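Student: Here is the input, now give the coordinates:
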Amino acid sequence: MHITEALASLRADRSEAAMMQSRNHKGSRRETPKELRMRGMKLIVLSLMLAAGTAGAQVTGTVTVTSDYDFRGFSQSAGDPAVQGSLDWADDSGIYAGVWGSNVDFGEGSESDVEIDLYAGFAGGDEEGLGYDFGVVYYSYWPDDDEVDYFEIFAGLTYNIAEIKGWYSDDYFGVGESAYYLEGNLNFELPQEFGLGLHLGMSDGDAFEDSVIDYGVSVSKSFSNFDFELKYVDTDLDSEDCETPDDVFTCEGRVILSVSTTFPWGAE
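Tutor: As a prediction, the model looks like this:
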């Protein structure tokens with residue numbers, strides 16, 4: 001089975017199982033794990049709002065419009081545009097936390113329309129250009145019938161223009177199998193304040209039959225308060241593996257344009 005077919009089948013199976021479980025527990029007043037996680041999400045958002053006035057802390061928000069939501073070489077929006085937003089809190093100590101969201105399209109058999117991620121971590125560095133970043137991400141999908149939420153931990157190092165980063169989950173997309181992702185990135189400053197980015201990543205683990213390599217090249221430029229990025233992404237999978245109905249989870253090579261802005265404007 002091709003990996004794109006496996007992803008679609010996985011979400012369909014999880015969605016059917018979740019609906020059966022809901023019918024079996026109809027009438028119960030006990031909060032579901034999803035409802036408890038939503039309560040925790042609301043507490044985090046409220047904490048971020050209250051933290052805005054904390055000395056040494058900053059709260060920012062970012063809005064992005066992109067022609068395709070790409071995640072490690074696979075489209076999460078069936079090749080269609082996505083509107084994304086984040087709310088981020090960062091302290092001078094290096095501690096940070098945030099909430100990120102986007103529309104998604106996983107095709108027939110999936111109820112999910114929105115992805116909402118929670119993340120927290122610790123980042124820092126020295127004057128020589130060496131930096132570090134580690135933390136945890138919780139991926140959730142709404143409505144929750146698919147039951148594919150999962151946690152991922154990450155750790156990364158940067159040195160000047162170079163970055164290496166690793167991600168690991170012991171329950172990838174809620175299937176009970178582990179997966180990891182390794183990536184390397186190079187970011188160059190070009191004349192006229194353009195930027196050039198090079199990306200190489202690999203997905204592997206028990207949740208994958210075979211490893212998947214994804215790569216990308218991007219050019220970026222800022223105008224006033226808006227950041228523009230044009231990038232090409234692709235994978236090492238054969239073209240027949242990436243041809244999917246309605247482009248759901250497509251991994252074909254494609255060009256993606258995104259525009260983003262961060263609030264408050266003019267923040268130092």
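Student: quick one, helices of the stretch 101-250 of the chain?
Tutor: Assigned by DSSP state H, counting those that start in this stretch, the helices in the stretch 101-250 of the chain fall at 239-242.
Student: for it, what spans make up the strands?
Tutor: Assigned by DSSP state E, counting those that start in this stretch, the strands in the stretch 101-250 of the chain fall at 114-125, 130-142, 150-159, 162-169, 179-189, 194-204, 212-223, 226-235.
Student: Redo those strands as TSV? Include mean pLDDT.
Tutor: Listed next are the strands of the stretch 101-250 of the chain as TSV, based on pLDDT from 0 to 100:
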stretch	mean pLDDT
strand 114-125	95
strand 130-142	95
strand 150-159	96
strand 162-169	98
strand 179-189	98
strand 194-204	98
strand 212-223	97
strand 226-235	98
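Student: right, and the ones you listed - which one's nearest residue 97?
Tutor: For those, the distance to residue 97 is smallest for strand 114-125, at 4.1 Å, taking CB to CB. All C-beta atoms are positioned from the backbone trio N, CA, C, and that covers glycine.
Student: Relative to the closest one, what are the paired strands and their orientations?
Tutor: Strand pairing for strand 114-125, using DSSP bridges, gives strand 95-103 (antiparallel), strand 130-142 (antiparallel).
Student: Let me know which of the ones you listed is the nearest to residue 264.
Tutor: Comparison of the strands paired with strand 114-125 against residue 264 by CB to CB identifies strand 95-103 as nearest, at 15.7 Å.
Student: what's the spacing between that closest one and its chain's center?
Tutor: 9 Å (CA atoms, centre = their mean, to the nearest Å).
Student: Which of the residues in it are classified as buried?
Tutor: Counting neighbours by 16 or more other CB atoms under 10 Å, one finds that the buried residues in strand 95-103 are 96, 97, 98, 99, 100, 101, 102, 103.
Student: So in terms of bridging, what pairs with the first one?
Tutor: So the one you mean is residue 96. Assigned bridge partners for residue 96, using DSSP bridges, are residue 90, residue 121.
Student: What sits closest to residue 136 if chain neighbours are left out?
Tutor: Once flanking residues are discounted, residue 136 sits nearest to residue 153: 5.1 Å by CB to CB, 6 or more residues apart in numbering.
Student: That should have said residue 112, apologies.
Tutor: Nearest to residue 112 is residue 141, by CB to CB, 6+ apart, at 4.0 Å.
Student: Kindly state the beta-bridge partners for the one you found.
Tutor: residue 115.
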